[in-house]
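> Sequence below, structure please.
(one chain, ligands or ions: 2)
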Amino acid sequence: MAAHHDFTAGTGAALAGLESTFADELGPLTVPWQGADAPDSRLLVVNEQLAASLQLDVAELRGADGIGVLSGSTAPIGANPVAMAYAGHQFGSYAPILGDGRALLLGERVNTAGRRVDVHLKGSGRTPFSRGGDGYAVVGPMLREYLVSEAMHALGNPTTRALSVVATGRQVRRNGAEPGAVLARVASSHLRVGTFEYAARQGEIVQSLADYAIVRHYPELAELPRTGAHNRYLGLFEAVVEVQASLVARWMLTGFVHGVMNTDNTTISGETIDYGPCAFLDAFDPAAVFSSIDHGGRYAFGNQPAVMKWNMARFAETLLRLIDSTPDTAITAVTAVLDTFDERYAGHYAAGMGAKLGVTGSTDRALIDDLLTVLVERRVDWTGTFRALADELRGNSAPLDALVPREHIGAWLERWRRILAEQGRGEVVTANAMDRVNPLYIPRNHQLDAALRAAANLDLAPFEKLLEVVTHPFERRDEWIDYTVAAPQSFSEEFQTFCGT
Ligand code: AMP
Ligand code: MG
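Ligands and ions are numbered 1, 2, ... in the order given. Sure thing, here's the model as predicted:
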């Protein structure tokens, strides 16, 4: 298939000098490609801090040339953009070829922290992996990914970042015509479990992919031998199990429902990727599902740790031949590592809950479980609870009383305060420590929805305001009080999210 023509007059000077180690070293996993033209592009939002960390000139990105590059219509000078091939298990079923059907890896750049990151476009037109899709994305969902991923970053959750959203001026057919958009995404890499699933079925290339992933994400493993009981590929598996156990614990601590935990949306780096149907909880509920297509609740809030472990098993399968030439030996080795997932997850979760509750030593599992029981039975707001508990320690009971009747939480409060008293730290000191890990502001579904509706009518002010709030999640400001309020029940009952829109 021939690449699209370059329709615009841009020179591609913005973002010049991207590197392409992935395309150079793993050519068989890529197809050189170029973005579609953008009839009338307009920059909707650009991330100045992220641009600075990439040593990009924001004024240049805002200019016509920058917008041409960020829309995908102009290739950056010297770049070798590619669509990446990958496979994946979607809702448990294997799809042998997915790939970037509407995305392009423009290239890589080393940031000011010395780390190599990908610069990637989403919504940049059809590719050889598009199948029936149109290759485009639309403004609402791309602004949604921008805001939620930046909120996740501000919350301290490993994630891909958002550099910009450009409206392309193209009308894209969804539920009627919607304005087209391209998101520029920055990630530690776009290596997915699905990339390994694709490569493993191609043959030898999976070893090159594993070596590449090690150099890029876990360079200390390159010192291990390629064979033997403690080889680097088993090390890679263990490293990914660890970062993913930690990541999913962070999701559970922040009330984040990813919504589409397919193996193609599970990274090797341990970053959250693919903000399609995700949402944050209001009321705590392990059964919470927001995605319109997740009928069976496979990716329900409370299932996320188990699904991640299942995804890690699919990853293990791709590495077996590298880990040992005797299948039984390889299976025994990966099983031993996979079996550590639950304990790793539980450790990260308990440590995180301890911090949220101001408990300094090891956290009593029953104390956590009994709180969760109250929250689920009374449908209590997850995010609000922990700030209210800190207020309780400061002698202000009103916030907690507004969330849950005292008769339901009084006994638990007494137990918790006894544990805190035994720690010997003053209650105000504990409350302040809690406030440093418990966010006030998350992207509340009703507020994000309202901001995206306004943006669809070209009013970006509510979006910009919400973005400012959720990227300062721990900073109390009186004028932001409305952003701490959970959605009305009537909204939450109806609220749904959508994939790939
Ligand atoms: P996602 O649900 O975003 O993880 O996407 C799953 C697969 O569908 C990936 O291979 C995407 O590239 C592809 N895809 C999603 N939306 C489109 C679209 N509008 N056009 C072409 N491919 C798409
Ligand atoms: Mg995806």
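
> And the strands in the chain?
Assigned by DSSP state E, the chain shows strands spanning 30-32, 42-46, 82-84, 88-90, 93-95, 103-110, 116-122, 137-138, 161-174, 176-187, 256-257, 279-280.

> So what's the gap between the first one and the chain middle?
Its chain's average C-alpha position is 25 Å from that of strand 30-32, according to Cα atoms, centre = their mean, to the nearest Å.

> what packs against it?
Counting contacts by 3 or more Cβ pairs under 8 Å, 6 or more residues apart in numbering; DSSP states H and E, the secondary-structure elements packed against strand 30-32 are helix 21-25, strand 82-84. Glycine gets a C-beta too; all of them are placed from N, C-alpha and C.

> and the longest one, how far from the chain's centre?
Mean-position distance between helix 21-25 and its chain equals 24 Å (Cα atoms, centre = their mean).

> How about stretch 436-453?
When C-alpha coordinates are averaged (Cα atoms, centre = their mean), stretch 436-453 and its chain have centres 16 Å apart.

> buried set for that stretch?
Residues 437-449, 451-452 are the ones in stretch 436-453 that count as buried (16 or more other Cβ atoms under 10 Å).

> Output it in PDB, but only the C-alpha positions, please.
Extracted as PDB, the C-alpha positions of stretch 436-453 are listed here (Å, rounded to 0.1, in the frame of the first residue of the first chain):
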ATOM      1  CA  ARG A 436      -0.500  14.400  50.800                       C
ATOM      2  CA  VAL A 437      -1.600  11.000  49.300                       C
ATOM      3  CA  ASN A 438      -5.400  11.300  49.100                       C
ATOM      4  CA  PRO A 439      -6.500  13.500  46.200                       C
ATOM      5  CA  LEU A 440      -9.300  16.100  46.500                       C
ATOM      6  CA  TYR A 441      -9.900  16.300  42.800                       C
ATOM      7  CA  ILE A 442     -10.300  13.500  40.200                       C
ATOM      8  CA  PRO A 443     -11.900  13.800  36.800                       C
ATOM      9  CA  ARG A 444     -15.500  13.300  38.000                       C
ATOM     10  CA  ASN A 445     -17.500  11.700  35.300                       C
ATOM     11  CA  HIS A 446     -20.300  14.300  35.200                       C
ATOM     12  CA  GLN A 447     -17.900  17.200  35.100                       C
ATOM     13  CA  LEU A 448     -15.700  15.700  32.400                       C
ATOM     14  CA  ASP A 449     -18.900  14.900  30.400                       C
ATOM     15  CA  ALA A 450     -20.000  18.500  30.800                       C
ATOM     16  CA  ALA A 451     -16.600  19.900  29.800                       C
ATOM     17  CA  LEU A 452     -16.500  17.700  26.700                       C
ATOM     18  CA  ARG A 453     -20.000  18.700  25.700                       C
END
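
> Looking at the buried residues of stretch 436-453, which are in helices?
Counting by DSSP state H, the members of the buried residues of stretch 436-453 that fall within helices are Val437, Asn445, His446, Gln447, Leu448, Asp449, Ala451, Leu452.

> tell me, which of those residues make contact with ligand 1?
The residues of these that also fall near ligand 1, by Cβ under 6 Å from any ligand atom, amount to none at all.

> Return the member of those residues nearest to ligand 1.
Closest to ligand 1 out of those is Leu452 (17.6 Å), distances taken as Cβ to the nearest ligand atom.

> Contact partners for that closest one?
With Cβ atoms under 8 Å, 6 or more residues apart in numbering as the criterion, the residues that contact Leu452 are Gly140, Leu143, Arg144, Phe463.

> and the helices and strands packed on strand 30-32, which is most packed in?
For the helices and strands packed on strand 30-32, the largest average neighbour count (mean count of other Cβ atoms under 10 Å) is found in strand 82-84, namely a mean of 24.

> where does Ser208 land on pLDDT?
In the predicted model, Ser208 carries a pLDDT score of 98.

> who's in contact with it?
By Cβ under 8 Å, 6+ apart, the contact list for Ser208 reads Glu25, Leu26.

> Ser492 too?
Shown here is Ser492, whose contacts under the criterion Cβ under 8 Å, 6+ apart are Asp282, Ala283, Asn445, His446, Ala486.

> Please report the distance of it from ligand 2.
In this view, Ser492 and ligand 2 are 26 Å apart by Cβ to the ion, to the nearest Å.

> and if you look at Arg216?
As for Arg216, its distance to ligand 2 is 20 Å (criterion: Cβ to the ion).

> wait, doesn't that residue sit right on Arg116?
Yes. In this structure, Arg216 is within contact of Arg116 by Cβ atoms under 8 Å, at 6.4 Å.

> so how many other residues sit close to the residue of the stretch 301-450 of the chain found nearest ligand 1?
When distances are taken as Cβ to the nearest ligand atom, the stretch 301-450 of the chain reaches nearest to ligand 1 at Asn311, 13.4 Å away. Other residues within reach of Asn311 by the criterion other Cβ atoms under 10 Å amount to 24.

> same deal with the one 10 residues further on?
Using other Cβ under 10 Å, the number of residues around Arg321 comes to 16.

> what sits against the residue nearest the centre of the chain?
Compute the mean C-alpha point of the chain, and by Cα atoms, centre = their mean the closest residue is Thr272, 2.5 Å away. Residues counted as contacts of Thr272 (Cβ under 8 Å, 6+ apart) are Ser149, Met152, Asn157, Pro158, Thr159, Thr160, Leu247, Trp251, Phe256, His258.

> how near is it to Leu247?
Computed with Cβ to Cβ, to the nearest Å, the distance linking Thr272 and Leu247 is 7 Å.

> again with Asn432
Distance, Asn432 to Leu247, by Cβ to Cβ: 27 Å.

> Repeat that for Ile77.
Taking Cβ to Cβ as the criterion, Ile77 is separated from Leu247 by 36 Å.

> Neighbour count for the two, which is higher?
Under the criterion of other Cβ under 10 Å, the comparison of Ile77 against Leu247 puts Leu247 first, with 24 against 15.

> if you skip the residues just before and after it, what's nearest to the more buried one?
The spatially closest residue to Leu247, leaving aside those adjacent along the chain, is Gly270, at 5.2 Å (Cβ to Cβ, 6 or more residues apart in numbering).

> Contacts for stretch 18-30 next, please.
Contact with stretch 18-30 is made by 32, 76, 78-80, 82-86, 105-110, 116, 118-119, 189, 195, 198-199, 202, 205, 208-209, 212, 216, as judged by Cβ under 8 Å, 6+ apart.

> Which of those are buried, as a PyMOL select command?
Command for PyMOL, covering only those of the contacts of stretch 18-30 found buried under the criterion 16+ other Cβ under 10 Å:
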select buried, resi 76+79+80+82+83+84+85+86+105+106+107+108+109+116+118+119+189+195+198+199+205+209+212+216
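
> if we can go back for a sec, intersect the contacts of Ser492 with the contacts of ligand 2.
When contact is defined as Cβ under 5 Å from the ion, the contacts of Ser492 do not meet ligand 2 at all.

> for those residues, which one is nearest ligand 2?
Compare each of the contacts of Ser492 with ligand 2 using Cβ to the ion and the shortest gap goes to Asn445, at 21.0 Å.

> And the one residue in the chain that gets nearest to ligand 2, what's its pLDDT?
Closest to ligand 2 within the chain is Asp274: 4.0 Å, counting by Cβ to the ion. Among the per-residue scores, Asp274 shows a pLDDT of 97.
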